[in-house]
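>>> Show me how the following folds:
(chains A, B and C)
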Amino acid sequence: MASETTVPVLLPEPELAPPRRFRTLRDLLRKKIALLAIAYLAIFYACGLLAPFIAPYGLNDQQLTVETRLQPPSADHLLGTDRLGRDMLTRVLYSARTTVVFTIVIVISGGLFLGLGLGLLAGYRGGWVDTAIMRTGEVLSGMPTLILMLAITASFRGRINSWSFWLEDHTFLGDDSKTLVKFTIISLATVPFAWLGSSRIVRSQVLAIREQAYVTAAESLGATTPRILIRHVLPGVMPLFLVGLSSGMAGIAGAEVALSYLGLGIDEPAASFGNLIGDVNGTRFFEQYPYLLVAGAGPVILFLFSWNLLGDALVDVFDRRQNSHR
Amino acid sequence: MGPGLAGYIIRRLLWAIPVLFLISITVFAMLRLAPGSPIDAILGQRYTEEQAAVLRDKYGYDDPLPVQYVKYIGNLAQGDLGVSTRHRDFTASEIIWPKIWISTQLGLIALVIVFGLGIPVGVYAAMARGTFIDPLTIAFWLAIEAIPTFVLVTLTSWFFALKLGVIDLGYEGVWTPNMIVPVLVMSLPGVAGVARFMRASVIGVLGEDYIRTARAKGLKEQTIVLTHITRNALLPMITVIGLSLPGITTGSLFVEVGFGIPGIANESLQAVLAPDYDVILALVLFGATLFVLANVAIDILYGFIDPRVRVGVGRGQ
Amino acid sequence: MSNKMLTLMMGFVAFLILAVGVVFLIALAGGGDDDDGSPADGDGENNRSSTSGKICDGKSLIVPGDDPSSVLDPIQVADVSTAEYVVEIFGGLVTLDPDLKVQPDIAKEWTSSNGGKTYTFKLRDNVVFHSGTAKRVTANDFKYSIERAADPANASPTVLAYLGNIVGLKDRFQNKASSVTGVKVIDETTVQIDLVEPSDFFLSELTYPVAYVVDKEQIEGNARNWTQKPRGTGPFQLKEFKPAEKIVLAKNDRYHLGVAKLDEVVFELAGGSILTRYENNEIHIGGFPATQLDSIKSGQNPLSDDYREIPEMAVFYFTLNPQKAPFDDPKVRQAFAMSFDRQNINTVLLYDAYRVADGFMPPETPGYSESIKSYSYDPVKAKQLLQESRYAGKLPRIVLTYSGSGSAAPDLLVAIQKGWSDNLGVEIELQAVDSSAFLREQRKGQFQMQSDGWAADYPDPEDFLGKLFASDSSLNYARYKNDEVDALLRQARIETDRTKRFDLYRQAEQKIIDDATVIPTFWPVTHTLVKSCVKNLPSAALVIPKYRYVEIKDD
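Numbers count the residues shown, from 1 in each chain, chains lettered A, B, ... in the order given. Here you go, the predicted structure:
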């Protein structure tokens, strides 16, 4: 598209451009970080999906004797054992599975796509579409998220059994029914609040971009709405949306961990980092068995960290591409 | 402020009324239909039908739901938020306001730290773009952001109270040294988000024509950074700040529970678990009202800072 | 140029950090009087450092507390968390001493006549209600208090259970009479109480808050808010009550049984890490988590000297609903009772935090007998019983509900679940529910299996067996019905010879346990840390008024 690129390109590359060698170093470091993050995420997702096949022990294999419980890491138990003598590595793998499934479920169920799509629509169309979307958003976002999430999960908790038993008897799901029901409940508690922030940011960006000369020009040249959205508005919105998406992933995974930590998310018979950490958290306990908290919380912290890094790197790459367009 | 804007504000505020109604109805219904009730919680193991009837009558749970709701709204209109059943016979107002105040003070301090650190860190990273300082700075804050609060609470209280023995952990008021660690735990994880946002924003501005023009005109770098870059990069930040404002009143659950701060998040959790109908409703409505007001305020601010948006809004209606 | 920028920005960051620091410092300097200035706090506590000396100065005891889940009204108390405060603020005719013996409180002496069916109490003439007016407590106040407790409009959850034996009380409670005829004012300092049937444990029942005396003038003057500043006759009066934040009790200078040595007891309600705060010398009394008892019992922990085990007059048990499959078959119940190793779980998992319950009543209860035996761990026999049962090979799904909102299921339950799985091949499901929903399920008998607990209100077998297992008791949530047990309990209730009475309870208890509708698991123990400068803190298995004995004194 000529209209938006011609003018800026006439200007010389700003003096801001750093010396060459720094740039190389930066690129290298940046890429390394992003690569590390991607590698870790790939391992995490693989481990999570394959948990039942690669876990060295059964999830609830207890060995309740003085010698076999609260062990430090060893060859038999790479991450040690917990209070009931269960293998921590196994519990971590199964918890990763919960996290993996949950993040996928939420992204697919559209929390973030809703965020982008509705934000674009609201910002670009304006008028009643904007009003409807944004007021609906206000209805939802006006509610204090935490209390609502708690209230939703708490009010459904009493019915978990009847629903999961029904599923168990009437569908092919069998033992996974209960976990599925719990997933559904925490998804219900998370999705309504997952799209608001990003859609609002997207909308405000769209509002600003829409007024810029190149979009107005494209409009006056008779470009269709989808075309304008995709070709002109979306690229401008993308960086901020990606910030939202990537930190959103961490936020979504974090919400599940937090709800489970409070006992309102995923619990027995499935495992979750929330109650895994809940088991080994505590100042004194940490002093006595630091390896258990490290084993329980470390993997999920790295997971969230990796998502954050990846999102950050994505933004940067995207920004550079956009800048070079100009 | 032109007549168009005034009309716009009024329309926005009028919109708030049905929104609040919807919220209150939804939450009211959700609470009443959930299993378990305050009566069960109050009477515990000694529940008998007679006593339950007396209490239901006392708290007005006997009426059909719509009647209860209408009565509730009627009382609300007179400023009566209802009664707490968890803290029996304290009114909901007596319970929530002191706790909201505690959380708000802490939240405000945390907010100042988050933005006070986040904005300069973001600008700093953006200006250092191209050196290794930029990714390292951001990565550092991202790492802190990734630690779940309840783990951070354990680690900090172990380190500062047990290992170093330099702080006390009990709550003795907001403006005491005991609150330094809780406030840091509340604020530090938020820095990364603000810094990243600011950094992206600054980088966006750096590519703008007027910056190039300013540079071409040979303006001093400080002037460019402070007046042109930072000022313009702060524009999208207004949304973020504005939207964070109502959030400071709700407190941080894990910090309050972990450090034993009698704030509103702590109370919310207990109220939901109890359940404590009127307190939950009061909290939800309070939060919602604040949020709606903040939204209106943001839109108005936008109108002042970037007149183009105001025109846009006007055209959109 | 870019370097200049970096310097500038770094300067800005430094400035902000500095600014935040300065704000804090200013706040600290002014922090002393800024906060809810209760004057007695002032003596050097604001500057509490980590030196252990500070906390042993002064006469203010700081302890972690629970939010009362009921109002501070004696007739509404039904839970330990509220009773803790009510017993300090209020008082009745009689009270319990640290050895759990019934002692005079407002009554200085009493006689029983008419075959144990009439009690006559002579009151002290120097007992006054809290507050400046110093209104004297008379026989009329007791008449009013019991009438008030029985008033159906007040819906006391406990009056029928503890005072139901008083003549006319049941009628009043069911609105069939306008007063309680069994309570008579003889003169200003004499109260006579008539009972429907003789009772050896009536005095014990009178130690429960529902029988405490309240101030008519205050209640009728301020019906709604009086519990926020209640006037009782106890050793302490309520000075400050900030829900979920703190409760401050101040000593009652005119207490008739000896004024407390402490000026104040501060209960901190907001939670937080109690152990860390204890170690940090912020509180006088702290709990010790069972998960780390090994270090303290082996004496390695520096806190070992402060550690105290306080047995509770309470019991943990499973209730197997005899009206729901598969537990309508006694063999299934017995199989469940025999197939988890309580001893191993207690020793290994809990570092002997509890005591394995051989019977239902813990050893602290009067009338406890060592001869009671509960089912011991016998996986072979258990498996065999399950085979013989009606449900052999076709057990329905079994759900064990427990009250809780913590993160994971308690280790204890997970370990027991594993026992059933290993020994019986039965996979039961653990289901956490909120306490109010748990109680509702319990009341309606909808559960199959629950993890329960019972803490005594007064020290007598009646409070365990009569209350929980008599088929006509409103607290019999296990739906337990055994005619023999009913007969024994009824006989015991009216038996006035203590030895004979306890023997009847012993027979009933063994039958109850044999029926395996309840499986007692553990008798709990409180693990407490008490600073060495806190003297004379009673270690009672029940909630009793205890802070009046306490003194803070450095050796």
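
>>> Next, name the residue at the spatial heart of the chain.
Reading this off chain A. residue A:249 (1.2 Å; Cα atoms, centre = their mean).

>>> that's the wrong chain, I wanted chain C
residue C:80 (2.8 Å).

>>> so that one touches residue C:543, yeah?
Yes. Using Cβ atoms under 8 Å, residue C:80 makes contact with residue C:543 at a distance of 5.7 Å. (C-beta placed from N, C-alpha, C; glycine too.)

>>> which residues in the stretch 101-250 of chain B form helices?
Using DSSP state H, counting those that start in this stretch, the helices of the stretch 101-250 of chain B run over B:133-146, B:149-156, B:180-206, B:209-216, B:221-223, B:231-233, B:235-247.

>>> One more: the stretch 51-200 of chain C?
Assigned helices in the stretch 51-200 of chain C, in chain order: C:80-89, C:139-150, C:159-163, C:169-173 (criterion: DSSP H, counting those that start in this stretch).

>>> Pull up the residues of the stretch 151-300 of chain A that are close to chain B.
Residues of the stretch 151-300 of chain A lying near chain B by Cβ under 8 Å from any Cβ of the partner chain: A:151-152, A:154-155, A:158-159, A:197, A:200-201, A:204-205, A:207-208, A:210-211, A:239-240, A:243, A:247, A:250, A:254, A:257-258, A:261-262, A:277-278, A:281-283, A:286-287, A:293, A:297, A:300.

>>> Could you tell me which of those count as buried?
By neighbour count, with 16 or more other Cβ atoms under 10 Å in any protein chain shown, these hold A:151-152, A:154-155, A:158, A:197, A:200-201, A:204-205, A:207-208, A:210, A:239-240, A:243, A:247, A:250, A:254, A:257-258, A:261-262, A:277-278, A:281-283, A:286, A:293, A:297, A:300 as buried.

>>> residues contacting residue C:403?
With contacts defined as Cβ atoms under 8 Å, 6 or more residues apart in numbering or on different chains, residue C:403 is in contact with C:432, C:433, C:434, C:435, C:438, C:439, C:451.

>>> What count of nearby residues applies to the last one?
The reference is to residue C:451. Per other Cβ atoms under 10 Å in any protein chain shown, the neighbour tally for residue C:451 reads 23.

>>> Could you measure from the closest residue to it other than its chain neighbours over to chain B?
Leaving aside its chain neighbours, residue C:451 sits nearest to residue C:402 (4.0 Å; criterion: Cβ to Cβ, 6 or more residues apart in numbering or on different chains). Note on residue C:402: its distance to chain B, by Cβ to the nearest Cβ, to the nearest Å, is 14 Å.

>>> would residue C:402 count as being in a helix?
No. Secondary structure of residue C:402 (DSSP: H, G, I helix; E, B strand; the rest coil): strand, not part of a helix.

>>> So it sits against residue C:441, correct?
No. Taking contacts as Cβ under 8 Å, residue C:402 lies outside contact range of residue C:441: 10.9 Å.

>>> Just the pLDDT for the residue in the stretch 101-250 of chain B that chain C sits nearest to.
Nearest residue of the stretch 101-250 of chain B to chain C: residue B:173, at 2.9 Å (Cβ to the nearest Cβ). We have a pLDDT of 82 for residue B:173.

>>> and if you look at residue A:312?
pLDDT, read off for residue A:312, is 75.

>>> Am I right that it is in contact with residue B:136?
No. Applying Cβ under 8 Å as the test, residue A:312 and residue B:136 come out as separate, 11.7 Å apart.
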